[in-house]
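Enquirer: Below is the sequence, then the predicted model.
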Amino acid sequence: MIRDGAIGAVREVHIWTNRPVWPQGMDRPTDKPPAPNTLDWDVWLGPAPARPYHPAYMPFNWRGWLDFGTGALGDMGCHKFDPIMRALKLGYPTSVEASHSNFIKEMTWDKVVNTETYPRASIIRFEFSAREELPPVTITWYDGGLKPFRPPELENGQELAPKGTLIIGDKGKMLDGKIIPETKRLAYTLPPKTLPRSPGHYKEWIDACKGGKPAGSNFDFASLVTETVLLGNIALRIGEKLAWDGKNIVVTNHPDANQYLHRDYRKGWSL
């Protein structure tokens, strides 16, 4: 629909999620309960820096901790960015910047940099340059309950859902794959089905393993999407707009940010 020109040239995309649905924005626990005898804590930690066992990290909440997970953006970003980057033929972002909720020390109002968890809420903006006949695009990500402003094209007092994607073109808008308002959607004729359909995640993967057609989200494309998403997490940690040179894999305007492009593996876990 986008390539068919259903809403004209796209210059702006807004993506929001109901994540995190696990704790974020807190400090490391100080108590040291014993690990259950069914758990090898050292193996669970793997290459991450050593720390005492605590149930605050597992089996689900590891997503919110900087040493173990990639927060709300890393949890859902690849799912949501994939179709957008594919439809708009996006390459590397040229810049990324983030704003986020403050991490507040318990019982005080002292604002400090949180080196343990991702923030409770954030807004992250990715800028992409023009491609061929396509104009520059800005993608804005929201999490922690934050959303873009409600588009006036929504009818009957309808509100934005807890998660969604709003694509804004020169000639219209699409919300979660549907043109809004409904009158404009009903007047549009869908283009022929020319894009390949997936036989399903598992079969697609097995077929590729057996030497068949590469998976639709193979490493050539998935690596670009993943790199873009993870740059948003680096922007969260730096707090300033980052200029990205994707070809050379380097942040050009803030050398300190480049330390987050790689992790230091714990002794015995290096590759």
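Expert: Here it is on my side, so go on.
Enquirer: Could I get the full set of helices for the stretch 1-150 of the chain?
Expert: 41-45, 71-87 (DSSP state H, counting those that start in this stretch).
Enquirer: no no, the stretch 151-271 of the chain
Expert: 182-186, 201-209, 219-238.
Enquirer: And the longest one, what does it pack against?
Expert: Here helix 219-238 touches helix 71-87, strand 95-100, strand 122-128, strand 242-245, going by 3 or more C-beta pairs under 8 Å, 6 or more residues apart in numbering; DSSP states H and E. Quick note: C-beta positions are derived from backbone N, CA and C, even for glycine.
Enquirer: buried sites along it?
Expert: Within helix 219-238, the residues that count as buried by 16 or more other C-beta atoms under 10 Å are 224-226, 228-238.
Enquirer: could I get the residues you listed as a markdown table with pLDDT and distance to residue 162?
Expert: Conversion of the buried residues of helix 219-238 to a markdown table gives the following (pLDDT from 0 to 100; distance: C-beta to C-beta, whole Å):
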| residue | pLDDT | distance to residue 162 |
| --- | --- | --- |
| 224 | 96 | 28 |
| 225 | 97 | 23 |
| 226 | 97 | 24 |
| 228 | 97 | 23 |
| 229 | 97 | 20 |
| 230 | 97 | 24 |
| 231 | 97 | 25 |
| 232 | 97 | 20 |
| 233 | 96 | 22 |
| 234 | 96 | 26 |
| 235 | 95 | 24 |
| 236 | 93 | 21 |
| 237 | 91 | 26 |
| 238 | 90 | 28 |
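Enquirer: Relative to residue 50, which of those residues is nearest.
Expert: Among those, residue 237 lies closest to residue 50 (C-beta to C-beta), at 21.2 Å.
Enquirer: I'd guessed the closest one sits against residue 260; true?
Expert: Yes. Counting by C-beta atoms under 8 Å, residue 237 touches residue 260, with 6.1 Å between them.
Enquirer: what about stretch 37-45, average pLDDT?
Expert: Mean per-residue pLDDT for stretch 37-45: 96.
Enquirer: distance between the ends of that stretch?
Expert: End-to-end distance for stretch 37-45, by C-alpha to C-alpha, to the nearest Å: 16 Å.
Enquirer: Grab the nearest non-local neighbour of residue 25.
Expert: Spatial nearest neighbour of residue 25, excluding adjacent residues (C-beta to C-beta, 6 or more residues apart in numbering): residue 120 at 3.8 Å.
Enquirer: Enumerate every residue touching the one you found.
Expert: When contacts are counted by C-beta atoms under 8 Å, 6 or more residues apart in numbering, residue 120 touches 20, 24, 25, 101, 144.
Enquirer: Farthest pair within those?
Expert: Most distant of these, by C-beta to C-beta, are 20 and 101, 11.3 Å apart.
Enquirer: For these two, work out which one has more neighbours and name it.
Expert: Higher neighbour count among residue 20 and residue 101: residue 20, with 26 against 16, using other C-beta atoms under 10 Å.
Enquirer: pretty sure that one contacts residue 69?
Expert: No. Using C-beta under 8 Å, residue 20 is not in contact with residue 69; the gap is 9.6 Å.
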